[in-house]
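> this one's structure only:
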């Protein structure tokens, strides 16, 4: 995430009198005087629509800091929930294209990261209406080739998909009911009523979560279909965390975010291991790359902001409350045909092969696996006989090189 401070603060940062705050290696959008420790300002996040996380609203990522501003914290949470409605609608709508069972390769081009971002933007701009968590068939097939249109209509007409669709509609309806209830609580003057409504909202959200994570439904769909349902589940988990944040239950928020990070990493590994075609890998690789580099980063920012705020003494909390929190600035989006993750993947794809690329997806979600691959390479006959590859060079090699070498010595 790119932070921009006011020019005067930038100048002081350049001469070393002011420094940006870090918490466990995570950069927070706060600057303080190096000598006195006094807060001097808050940064503005500068983002483009193409660089936003796929499933994490930026409002929520910075909500821990805004909770100490008068009325700002609730505004941040509510803004995040509004974003989540659109995110969930865009992600769930694409399940109609994916269908149930093995996804047709011809359809995969219609559900890429680029297409999801485009659909989300259309929903944000009210160009597309979401009803029960889905968009109209006419919207789905618009601009597609006849071959894709025929396949989409076949998927939508499938009896098994209709069973999935009913379950997803129920889950989405519970999420919307919970979101509306959360938004209403802000208007309540009674703390007892507010707490009761938030508890009821969490109950609805837990029910929606169980629908998205239904193991029977997940077992009947492809890796890409599982990823879509998992993304919806992560949005629900964030919403649950936000309800605890509204009640000032910071330990509960922290625990939920830690659990969410664990869930995302485990889900990504499970999805990666289920990829069984090059076409599916082509769609999933850029999407998981964005989730690892943007979504997990945003959740870490949320978690570390919360931990940092909780570590402050009362005097500094009061000082934090007096700072002006600046909303993120959305700059005009780059052309959606230039999604950076897709460009990166197009560049490395010719340098690798299916098994290695799939392994790289696992490595993104589970970096500790890299040590296992390096150990396997070092124990191979190829490495023992090599005159040019050293342990030091292995340690410094890219994940692309490590995964390529691993499958070379394995085969």
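Structure's in. What do you need? Since this is a predicted model, take the numbers as computed values, not measurements.
> can you pull out the strands in the stretch 201-350 of the chain?
For the stretch 201-350 of the chain, the strands defined by DSSP state E, counting those that start in this stretch cover 329-331.
> which regions of it sit below the pLDDT cut-off?
By pLDDT under 70, the low-scoring segments of the stretch 201-350 of the chain are 325-337.
> give me that answer again for 50
Residues of the stretch 201-350 of the chain meeting the criterion pLDDT under 50: none.
> Show me where it has its helices.
215-219, 223-246, 250-273, 278-290, 296-311, 314-322, 340-348 (DSSP state H, counting those that start in this stretch).
> quick one: which of those helices is nearest residue 9?
helix 314-322 (15.6 Å; CB to CB). C-beta: built from backbone N, CA, C; applies to glycine.
> hang on, residue 310 packs against residue 249?
No. Residue 310 is not in contact with residue 249 according to CB atoms under 8 Å; the separation is 11.6 Å.
> thinking again about what came up before, deepest of the helices of the stretch 201-350 of the chain, which one?
Burial of the helices of the stretch 201-350 of the chain is given as mean neighbour count (mean count of other CB atoms under 10 Å); helix 223-246 ranks first at a mean of 24.
> Mind giving me the packing neighbours of it?
helix 63-66, helix 72-93, helix 95-98, helix 159-185, helix 191-212, helix 215-219, helix 250-273, helix 278-290 (3 or more CB pairs under 8 Å, 6 or more residues apart in numbering; DSSP states H and E).
> As JSON lines, these with distance to residue 303 would be great.
Shown next, in JSON lines, are the helices and strands packed on helix 223-246 (distance: least, CB to CB, whole Å):
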{"stretch": "helix 63-66", "distance to residue 303": "8"}
{"stretch": "helix 72-93", "distance to residue 303": "15"}
{"stretch": "helix 95-98", "distance to residue 303": "29"}
{"stretch": "helix 159-185", "distance to residue 303": "20"}
{"stretch": "helix 191-212", "distance to residue 303": "19"}
{"stretch": "helix 215-219", "distance to residue 303": "27"}
{"stretch": "helix 250-273", "distance to residue 303": "4"}
{"stretch": "helix 278-290", "distance to residue 303": "19"}
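> do you know which of those helices lies nearest residue 319?
Comparing the helices and strands packed on helix 223-246 under CB to CB, the one sitting nearest is helix 63-66, at 12.4 Å.
> I'd like the average pLDDT over the closest one.
For helix 63-66, the mean per-residue pLDDT is 77.
> roughly how far out does that helix sit from the chain middle?
What separates the centre of helix 63-66 from the centre of its chain is 19 Å, taken as CA atoms, centre = their mean, to the nearest Å.
> neighbouring contacts of that helix?
28-30, 42, 72-73, 75-77, 80, 242, 245, 253, 302, 305-306, 308-309, 320, 325 (CB atoms under 8 Å, 6 or more residues apart in numbering).
> Identify the residues contacting the longest strand anywhere in the chain?
Secondary structure of the chain read by DSSP state E shows that its longest strand is strand 26-33. Residues from elsewhere that reach strand 26-33 (CB under 8 Å, 6+ apart): 1, 3, 5, 9, 12-13, 17-22, 38-45, 62, 65, 300-301, 304-305, 308, 320, 323.
> Among the residues you listed, name the buried ones.
1, 3, 5, 9, 12-13, 18, 21, 39-45, 62, 65, 300-301, 304-305, 308, 320, 323 (16 or more other CB atoms under 10 Å).
> so what's residue 218 up against?
226, 229 are the contacts of residue 218 under CB under 8 Å, 6+ apart.
> Hmm, residue 320 and residue 312 touching each other?
Yes. With contact defined as CB under 8 Å, residue 312 reaches residue 320; the gap is 6.7 Å.
> Do I have it right that residue 320 meets residue 39?
Yes. Residue 320 lies in contact with residue 39 (CB under 8 Å); the separation is 6.3 Å.
> for the residue lying closest to residue 355 once chain neighbours are set aside, what are its contacts?
Among residues not flanking residue 355 along the chain, residue 407 sits closest, at 5.1 Å (CB to CB, 6 or more residues apart in numbering). By CB under 8 Å, 6+ apart, the contact set of residue 407 is 353, 355, 356, 359.
> Figure out how far the helix or strand containing residue 407 is from the centre of its chain.
Element membership for residue 407 (DSSP states H and E) is helix 399-410. A distance of 28 Å separates the centroid of the chain from that of helix 399-410, by CA atoms, centre = their mean.
> as a whole number, average confidence for it?
In the prediction, helix 399-410 has an average pLDDT of 91.
> let's number from 883 now, not from 1
Sounds good: first residue 883 from here, last item helix 1281-1292.
> List the buried residues of it.
For helix 1281-1292, by 16+ other CB under 10 Å, it's 1281, 1282, 1283, 1284, 1285, 1286, 1287, 1288, 1289.
> Turn the residues you listed into JSON lines, including distance to residue 980.
What follows is those, written out as JSON lines (distance: CB to CB, whole Å):
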{"residue": "1281", "distance to residue 980": "28"}
{"residue": "1282", "distance to residue 980": "28"}
{"residue": "1283", "distance to residue 980": "33"}
{"residue": "1284", "distance to residue 980": "31"}
{"residue": "1285", "distance to residue 980": "27"}
{"residue": "1286", "distance to residue 980": "30"}
{"residue": "1287", "distance to residue 980": "34"}
{"residue": "1288", "distance to residue 980": "30"}
{"residue": "1289", "distance to residue 980": "28"}
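> and of these, the nearest to residue 1057?
Taking CB to CB as the measure, residue 1057 lies nearest residue 1281 of the buried residues of helix 1281-1292, at 35.4 Å.
> check contacts around the closest one.
Counting by CB under 8 Å, 6+ apart, the residues that residue 1281 touches are 1242, 1245, 1246, 1252.
> out of the residues you listed, which is most surrounded?
Neighbour tally across the contacts of residue 1281 (other CB atoms under 10 Å): the maximum, 23 neighbours, falls on residue 1242.
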